[in-house]
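Asker: kindly return the folded structure for what I paste below:
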Amino acid sequence: MKVHPTAIIHEKASLGSGVSVGPYCTVGEAVEIGPDCELVSHVVLGGPTRIGEKNRFFPYASVGLEPQDLKYKGEPTRLEIGDHNTFREFVTVHRGTEEGGGVTRIGNHNLLMAYCHVAHDCQLANHIVLANGAALGGHVTIEDYVVLGAYCGIHQFSRIGRHSFIGAYTPVNRDVVPFSVTTEDRKAEIYGVNVVGLDRRGFSKKQIHALRAAFRLLTQPGLNTSQAVDAIEEQIQHVEQTGEGESLKQLVEFIRAAKKGIVK
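Answerer: All right, here's what the predicted structure looks like:
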């Protein structure tokens, strides 16, 4: 370990091998830091928090402190962070609440840019990018390979589906379906399939074409969401043998599980 003499480490904190703690950092009680993590400087880590390996925390990140929930009365809750994540300047991530299951989770290989906020009980998967100033209300779920543009605001209990892209300054108060591009014009609206992102991640032209056909059904005048989903399920039967059906199944499952409605 490499700990700067100005850092304050609680006697009940646990630091793995190769951890670097820079000037004026504070590591609180019940914080477990995995191997090869780096706290650059002026980082505050509260607990109970468990952090995996090779995570980087930049100056003034505040991670693992109490949730900003008026119902929280000091009950034991926690934060769990996976591996290879980057928390840039002034990022805030809060522990869970008893009502929300007691735990906030962040997976692996995520980038949280400066001034991002992750509230209590959020569940972030892997390979997610939150651009500067993006803010998640409590109980938000974000699936793999999502990109949130700068200053997006995600309402409590919303779900963001995998491989979706949300443009800067977009307010989201419903679920965002997988594979979509969403941006704002006074309210969030789908603008089509995230073709650029899917192509970068190895999706075939046939898979993207099938998703585009499904999105046309979702946005077709005269079809409500239930009717559109039924039509997409018919589409799945035609492409299931050729390998395009899996993405469509994920899309349908996501929509059927939506409790707040979806952005269309």
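
Asker: residue ranges with poor pLDDT in this structure?
Answerer: 185-188, 240-243 (pLDDT under 70).

Asker: which segments of it make up each domain?
Answerer: Listed by automatic domain parsing, the domain ranges of the chain are 2-139, 198-256.

Asker: could you redo those as CSV and give each row mean neighbour count and distance to residue 177?
Answerer: Where C-beta positions appear, they are placed from N, C-alpha and C, glycine not excepted. Converted to CSV, the domains of the chain look like this (neighbours: other Cβ atoms under 10 Å; distance: least, Cβ to Cβ, whole Å):
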stretch, mean neighbour count, distance to residue 177
domain 2-139, 19, 16
domain 198-256, 15, 6
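
Asker: just put these in a markdown table and tack on distance to residue 175.
Answerer: Shown next, in a markdown table, are the domains of the chain (distance: least, Cβ to Cβ, whole Å):
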| stretch | distance to residue 175 |
| --- | --- |
| domain 2-139 | 12 |
| domain 198-256 | 7 |
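
Asker: burial count for the closest residue to residue 176 other than its chain neighbours?
Answerer: Counting by Cβ to Cβ, 6 or more residues apart in numbering, residue 160 is the residue found nearest to residue 176 once chain neighbours are left out, at 4.8 Å. Using other Cβ atoms under 10 Å, the number of residues around residue 160 comes to 29.

Asker: distance from stretch 222-241 to the middle of the chain?
Answerer: 28 Å (Cα atoms, centre = their mean, to the nearest Å).

Asker: only C-alpha atoms, please: export it in CSV.
Answerer: Written as CSV, here are the backbone C-alpha positions of stretch 222-241 (Å, rounded to 0.1, in the frame of the first residue of the first chain):
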residue,chain,number,x,y,z
GLY,A,222,-52.7,3.8,-34.5
LEU,A,223,-50.9,1.1,-32.6
ASN,A,224,-50.8,1.3,-28.8
THR,A,225,-47.9,-0.2,-26.9
SER,A,226,-49.6,-3.6,-26.3
GLN,A,227,-50.5,-3.9,-29.9
ALA,A,228,-47.0,-3.0,-31.0
VAL,A,229,-45.5,-5.6,-28.7
ASP,A,230,-47.8,-8.3,-30.1
ALA,A,231,-46.7,-7.4,-33.6
ILE,A,232,-43.0,-7.5,-32.5
GLU,A,233,-43.6,-11.0,-31.1
GLU,A,234,-45.0,-12.1,-34.5
GLN,A,235,-41.8,-10.7,-36.0
ILE,A,236,-39.7,-12.7,-33.6
GLN,A,237,-41.2,-15.9,-34.9
HIS,A,238,-40.0,-15.0,-38.5
VAL,A,239,-36.4,-14.3,-37.5
GLU,A,240,-35.9,-16.6,-34.6
GLN,A,241,-34.1,-19.2,-36.7
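
Asker: give me the residues contacting it.
Answerer: The contact list for stretch 222-241 (Cβ atoms under 8 Å, 6 or more residues apart in numbering) reads 206, 210, 213-214, 217-218, 220, 245, 248-249, 251-252, 255-256, 261-262, 264.
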